[in-house]
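Q: Whatever this is, show me its structure:
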Amino acid sequence: MSHRDPTVSNRRELSKSEQICQILRRYIGSGQLGAGQQLPAERALSERFATTRITIKEALSSLEADGLIYRAERRGWFVAPPRLTYDPAIHTHFHQWIGEQQRVAETRVLAHGGALASSELCHWMGLAPFTPLYEIRRLRLIDARPVLHVSHHLLASRFPDIAGAPLASSLTELYQQRYGIGQGGASLEITPSAARGAIARALNLAEGSAVLRLVRVNYDERGGLVDCDIEHWRPDAIRISLDTRALQVANGRRLQEPMLD
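A: Below is the predicted model:
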């Protein structure tokens with residue numbers, strides 16, 4: 001009859017990629033690898049850990065899935081800054097929200113102009129085919145890093161001469177101050193998606209990389225359609241946290257408006 005040595009652990013032995021993950025986690029957790037710092041190239045890592053590039057890719061992909069590192073197309077791997085908590089049910093301005101978390105926000109207008117409503121937009125916004133819209137595409141950056149591509153699809157009939165407006169500023173304030181359109185309720189759809197074409201390039205992602213897509217249809221105070229925002233976030237940049245208590249009507253107050261502008 002054989003007896004097992006009680007000092008021997010019955011835990012399975014870690015694979016090589018898991019060992020590498022643990023080492024890199026410790027470097028990141030201790031601050032020895034700081035936010036924004038570039039990791040050595042995959043080839044260099046495979047030499048340092050005496051393993052294959054396939055094993056290195058597996059380890060890096062695992063850390064990426066946990067939001068600890070991110071990949072920039074044609075530039076390599078970097079340590080990710082802490083995720084920001086994003087509650088899409090709370091009305092807030094992008095620059096104010098980022099500034100409150102001691103981070104630096106930037107908005108760039110990529111393109112804008114008239115367009116006809118696509119089939120998808122007709123579905124989301126409840127429009128007839130060929131409805132004229134005005135499209136504004138913007139890139140949002142946090143600490144100089146592109147994290148959000150957003151396209152705003154405005155009902156053109158409600159926003160005459162908007163082409164000359166300051167489109168990098170808060171659109172909610174622009175709607176109110178220039179057109180007298182206040183923000184009411186909204187509907188929201190959140191789905192995982194893949195970055196393609198201009199969105200992938202703007203976010204510095206490889207074609208087909210995972211992104212988080214938020215589609216928000218906004219209405220005015222009387223329930224009239226205003227616009228539709230389509231946000232594509234780098235998934236390592238934010239965590240979605242929704243507190244439904246913010247949506248309850250209490251003491252005759254209006255619902256808080258979901259909007260990030």
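
Q: Distance check, the residue nearest the centre of the chain against Arg138.
A: Residue closest to the mean C-alpha point of the chain, counted by Cα atoms, centre = their mean, is Trp233 at 2.0 Å. Computed as Cβ to Cβ, to the nearest Å, the Trp233 to Arg138 distance reads 13 Å. To be clear about C-beta, it is placed using only N, CA and C from the backbone, and glycine gets the same treatment.

Q: pretty sure Ile190 is touching Ile240, no?
A: Yes - applying Cβ atoms under 8 Å as the test, Ile190 and Ile240 come out as touching, 6.7 Å apart.

Q: Mutual contacts of the two, please.
A: Pro88, Leu212 (Cβ atoms under 8 Å, 6 or more residues apart in numbering).

Q: Name all residues that make contact with the residue nearest to the centre of the chain.
A: Val147, Leu148, Val211, Leu212, Arg213, Leu214.

Q: Is the fifth one within a helix or a strand, and which one?
A: Using DSSP states H and E, Arg213 sits within strand 210-219.

Q: next one: that strand to chain centre, how far?
A: 10 Å (Cα atoms, centre = their mean, to the nearest Å).

Q: With stretch 108-126 instead?
A: That offset, for stretch 108-126, works out to 19 Å (Cα atoms, centre = their mean).

Q: do stretch 115-128 as well
A: Taking Cα atoms, centre = their mean, one finds stretch 115-128 lying 23 Å from the centre of the chain it belongs to.

Q: which residues touch that stretch?
A: 129-135, 153, 155, 189, 215, 217, 225, 228.

Q: Endpoint to endpoint, it covers what distance?
A: Terminal residues of stretch 115-128 lie 14 Å apart, using Cα to Cα, to the nearest Å.

Q: Could I get the buried residue list for that stretch?
A: Ala117, Leu121, Cys122, Trp124, Met125, Leu127 (16 or more other Cβ atoms under 10 Å).

Q: closest to Glu173 among those?
A: Here the nearest of these to Glu173, counting by Cβ to Cβ, is Met125; it sits at 22.1 Å.

Q: on that earlier part again, just flag the most distant two among the contacts of Trp233.
A: Across those (Cβ to Cβ), the longest gap, 13.7 Å, separates Val147 and Arg213.
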